[in-house]
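# Predicted model and sequence follow; I will ask about them next.
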Amino acid sequence: MRISGGRPVPPALLATWLLTACVADGPSRTDTHVPGSPDPVASVVPVGIAVRNDSLEPGTLGTVRAIPVEGWMGPGGRPFEVALRTRDRESGHARRFGMITLRTTLRGSTPDLVQYPCTSCHLGRTVAMKDTRIGDAHQNIQPRHPALLGSVCSTCHSPDAVDMLALRTGERVGLDQGYRLCAQCHFAQAEAWAFGAHGKRMDGWQGRRVVMGCSDCHDPHRPAPLPRTPFRAPTILRNGGHD
Amino acid sequence: MDTPDSLRPGPLPEEGSLLRKPVDRRRALTVLAGAAVAGVQALSACRPASPLSEEEREVKLLAWREYIKGNYRFMTEAERAETIARLERQALLQRGSAVTIQSTGAQPGVVFGYAFNISKCKGFRSCVEACINENNLDRNADTQYIRIFEIEDGVVDLDHADATFQHEVPAEGHFYLGTQCFQCADPPCVKVCPVGATWQEPDGITVIDYDWCIGCRYCMAACPYWARRFNWSAPEVPVPELNTNQHYLGNRARKTGVVEKCTFCIHRTRQGRLPACAEACPTGARVFGNLLDPDSEIRWVLEHKRVFRLKEDLKTEPRFWYFSD
């Protein structure tokens, strides 16, 4: 499924890739499909390999879909998988796309671009993405990360296939493989992520290793975590009143 | 890679030690119980109109049988099943909650270890919240197993750390360090227990038999990490918030006058899941896994990151490491 090679992928190939992604449609998609809109693009993950964790105990992460991280190995040379979505509302690429209200099911995954794929506005033309100005439709994006780098939209986004990310090699990858984009600069973090010292493992310590992707925690446009009010402080210090 | 001895769980008490002797107390009490039940039956035979309803009788009988049972560690499988059935029945009769109590044993070839990334923790205390809910901690006394310390950059000094911060976090110029039970390989709390109510399991988790604990709190005095908590009153958990997935040695109902502590979520981790704190952490600061698996994330962290433990000079060998990016 991975698009390989170091050159831009022709749109026709991309279309084929997206179409094949439709094959394994899951029931979760159908209830949100708006009649008259284009056929929803489904998961690239066969339903059978979704990680189950559907207890609703506090702190659990819900049902997780995951795809193999191709070409990367974890500790002991073992393959691992990246989760495509979480139930954590704080995370994800989702809500921060600006005035366009995206469903919160968009979680850093190209096949999850269902209701408002980028191509619904940017279809059939190359977006300039030349300056650092954020377009009106995306004015809620806080471009702190690009501002620090002096980069423009096309540093990361593909101007010719707007649902895709652009690697420095010219290769186009889906949002599922956002880690490949981030790892181009953040290679130390990427190594720690692959081996389990950075990022978050889901579902369990045993068996399949499923980890969250970069944009599950970091807003790519504003990667630093937002400050929060902490959960309540302890009332009993150490062993009681004898500190 | 060979596992250092310090990572292996402690041995069982030697043959012939006090704990291995046939517990005469139990037998004596069983005989007494038999006599008492016989007495009660004799009395009720005299007075056919017993004031106790069927359910009240059952509650009393369950309580009495629970009172005379043995130390969990030395129970047979059948005895464990019996006490678990009684405890589940008690929970249903007395609290109206249908709980499931596991007696899942340690997995072979597994010793749990934990690593905590002090450059990632932001002091949100999401772990604390998850722990309270997962382990049915006392809402009345606000028991918390995990403590997050806010420390000024530059030095790890817990004496000048603040665990009571309530401002927006992360605070400028500070880092955060969480403590809980470290499941030491050489646990001082176990050594001082006068009744053998706390011990180390083969997977390295130090557990407590709440029904064998006499509440002397020696273990709390012995623990250098302030990891244990005492129940001055019976823990109160609203039934809708009760976690019904329980373990005999973990988050089942505690009572007044016994000690409890973090068990690395024994009811979850023995089934391959992560502890609730690790699962709830929004920053990924918590790494959990099997120390005996050379291909585990925890082993990679221990081998590739600069790690330290608290109060290493005490030689308690905590299985809880701190590391930074």
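Yep, that arrived.
# Walking through the chain, point out its helices one by one.
Because you didn't say which chain, this covers chain A. Residue ranges of the helices in chain A, as given by DSSP state H, are A:11-22, A:27-30, A:119-122, A:144-149, A:178-182, A:187-195, A:214-217.
# My question was about chain B, not that one.
For chain B, the helices defined by DSSP H cover B:24-46, B:54-67, B:77-90, B:126-134, B:188-192, B:218-222, B:266-269, B:276-280, B:297-304.
# Save these as TSV, and put in distance to chain A and mean pLDDT too.
All C-beta spots, glycine's among them, are computed from the backbone N, C-alpha and C. As requested, the helices of chain B are exported to TSV (distance: least, Cβ to the nearest Cβ, whole Å; pLDDT from 0 to 100):
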stretch	distance to chain A	mean pLDDT
helix B:24-46	30	62
helix B:54-67	27	93
helix B:77-90	19	96
helix B:126-134	3	93
helix B:188-192	12	97
helix B:218-222	6	95
helix B:266-269	7	94
helix B:276-280	4	89
helix B:297-304	3	96
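# any idea which of the helices of chain A scores lowest on pLDDT?
Looking at the helices of chain A, the lowest mean pLDDT belongs to helix A:27-30 (a mean of 35).
# so where is the stretch 101-250 of chain B shaky, pLDDT-wise?
Nowhere does the stretch 101-250 of chain B drop to pLDDT under 70.
# Could you do chain A as well?
If you take pLDDT under 70 as the line, chain A has these spans: A:1-65, A:84-117, A:119-120, A:123-125, A:130-137, A:139-140, A:238-243.
# residues in contact with residue B:127?
Contact analysis of residue B:127 by Cβ atoms under 8 Å, 6 or more residues apart in numbering or on different chains lists B:146, B:148, B:178, B:276, B:277, B:278, B:280, B:281, B:286.
# Now it: closest residue in space, sequence neighbours ignored.
Leaving aside its sequence neighbours, residue B:127 sits nearest to residue B:277 (Cβ to Cβ, 6 or more residues apart in numbering or on different chains; 3.7 Å).
# And for the one you found, the neighbour number?
Residue B:277 is flanked by 28 other residues according to other Cβ atoms under 10 Å in any protein chain shown.
# quick one: it from residue A:146, how far?
Look at residue B:277 and residue A:146: by Cβ to Cβ, to the nearest Å, they are 35 Å apart.
# again, but for residue A:234
Using Cβ to Cβ, residue A:234 is found at 41 Å from residue A:146.
# what about the strands in chain A?
Secondary structure of chain A by DSSP state E: the strands cover A:66-68, A:81-83, A:165-166, A:172-173, A:201-202, A:210-211.
# one step back: of the contacts of residue B:127, closest to residue B:130?
residue B:280 (3.4 Å; Cβ to Cβ).
# my guess is the closest one meets residue B:129, correct?
Yes. Counting by Cβ atoms under 8 Å, residue B:129 is a contact partner of residue B:280 at 7.0 Å.
# With neighbour numbers in mind, choose between the two.
Neighbour count, other Cβ under 10 Å: between residue B:280 and residue B:129, residue B:280 has more, with 25 against 20.
# pLDDT score for the most centrally placed residue in chain B?
Taking Cα atoms, centre = their mean as the criterion, residue B:263 is the residue nearest the geometric centre of chain B, at 3.8 Å. On pLDDT, residue B:263 comes in at 97.
# Excluding covalently adjacent residues, which one is nearest to it?
residue B:250 (4.7 Å).
# Any figure for the gap between the one you found and chain A?
For residue B:250, the distance to chain A equals 14 Å [Cβ to the nearest Cβ, to the nearest Å].
# Okay, that residue and residue B:142: tell me how far apart.
For residue B:250, the distance to residue B:142 equals 20 Å [Cβ to Cβ].
# Between these two, which has more neighbouring residues?
Each of residue B:250 and residue B:142 has its neighbours counted (other Cβ under 10 Å); residue B:250 has more, 28 against 13.
# So what's the residue count around residue A:192?
Each residue near residue A:192 was counted by other Cβ under 10 Å, and the total is 20.
# which ones are touching residue B:55?
Residue B:55 sits next to residue B:93 when contact means Cβ under 8 Å, 6+ apart.
# OK, contacts around the closest residue in space to residue B:278 that isn't next to it in sequence?
Excluding the flanking residues, the one nearest residue B:278 by Cβ to Cβ, 6+ apart is residue B:286, at 4.1 Å. Counting by Cβ under 8 Å, 6+ apart, residue B:286 touches B:114, B:115, B:116, B:117, B:127, B:275, B:277, B:278.
# how many neighbours does residue B:233 have?
Residue B:233 has 11 neighbouring residues, counting by other Cβ under 10 Å.
# Enumerate every residue touching the closest residue to it other than its chain neighbours.
Distance criterion Cβ to Cβ, 6+ apart; nearest residue to residue B:233, sequence neighbours excluded, is residue B:256 at 5.8 Å. Contacts of residue B:256 were listed using Cβ under 8 Å, 6+ apart, and they are B:231, B:232, B:233, B:234.
# do that again at 7 Å, thanks
By Cβ atoms under 7 Å, 6 or more residues apart in numbering or on different chains, the contact set of residue B:256 is B:231, B:233, B:234.
# out of the residues you listed, which one sits closest to chain A?
Nearest to chain A among those, counting by Cβ to the nearest Cβ, is residue B:231 at 11.5 Å.
# Can you give me the distance of the residue nearest to the centre of chain B to chain A?
As defined by Cβ to the nearest Cβ, residue B:263 lies at a distance of 15 Å from chain A.
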